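A.B. asks: below: sequence and its predicted model.
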Amino acid sequence: MIEFIGYAGAFILVIAYLLLITKWSKYFLIVDIISCSFLLTYSLFILDFIFVFVNLFILIFLLIKQFNGGIK
């Protein structure tokens, strides 16, 4: 069951980057925040603290970017 969270996060991350080359690129940040949240949850479950730090760092900066108006 825990692996499902990791696979879902990775799949959503791929979807997020595929959005960048479509007309729906404005949704990239939202989808990337969701995928990063999944991957952060997964890394907490498997106790991979380097991965926790990296995903938390990315998540914080994605949230800052989103609250400051997103991608222009």
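C.D. replies: Good, I have the coordinates.
A.B. asks: quick one: low-confidence residue ranges for this protein.
C.D. replies: Across the chain, the ranges flagged by pLDDT under 70 are 72.
A.B. asks: can we see that at 80?
C.D. replies: Applying pLDDT under 80 to the chain flags the ranges 70-72.
A.B. asks: list the contacts of the residue nearest the centre of it.
C.D. replies: In the chain, the residue lying closest to the centroid (CA atoms, centre = their mean) is C36, at 2.3 Å. By CB atoms under 8 Å, 6 or more residues apart in numbering, the contact list for C36 reads G9, L13, N55, I58, L59, L62. Backbone N, C-alpha and C define where each C-beta goes, glycine included.
A.B. asks: which residues touch the closest residue to it other than its chain neighbours?
C.D. replies: In this structure, C36 finds its nearest non-sequential neighbour in L59, 4.5 Å apart by CB to CB, 6 or more residues apart in numbering. Contact analysis of L59 by CB under 8 Å, 6+ apart lists I33, C36, S37, L40.
A.B. asks: I'd say the first one and F67 touch.
C.D. replies: It refers to I33. No: look at I33 against F67 with CB atoms under 8 Å: they stay out of range, at 10.8 Å.
A.B. asks: hey, where'd the helices end up in this structure?
C.D. replies: Under the criterion DSSP state H, the chain contains helices at 2-19, 28-45, 49-67.
A.B. asks: which of the ones you listed sits most buried?
C.D. replies: With neighbours taken as mean count of other CB atoms under 10 Å, these reach their highest mean count in helix 28-45, at a mean of 19.
A.B. asks: that one to helix 49-67, inter-axis angle?
C.D. replies: 160 degrees (axes from the mean of the first three to the mean of the last three CA atoms, to 10 degrees).
A.B. asks: export helix 28-45 to CSV, keeping only CA atoms.
C.D. replies: In CSV, the C-alpha atoms belonging to helix 28-45 read as follows (Å, rounded to 0.1, in the frame of the first residue of the first chain):
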residue,chain,number,x,y,z
PHE,A,28,1.8,23.0,-13.5
LEU,A,29,2.5,24.4,-10.1
ILE,A,30,-0.7,23.0,-8.6
VAL,A,31,-0.1,19.5,-10.0
ASP,A,32,3.6,19.7,-9.0
ILE,A,33,2.6,20.6,-5.4
ILE,A,34,0.3,17.6,-5.3
SER,A,35,2.9,15.3,-6.6
CYS,A,36,5.5,16.7,-4.2
SER,A,37,3.1,16.1,-1.3
PHE,A,38,2.6,12.5,-2.3
LEU,A,39,6.4,12.0,-2.6
LEU,A,40,7.0,13.7,0.8
THR,A,41,4.4,11.5,2.4
TYR,A,42,6.0,8.4,0.8
SER,A,43,9.5,9.4,2.0
LEU,A,44,8.2,9.9,5.5
PHE,A,45,6.7,6.4,5.5
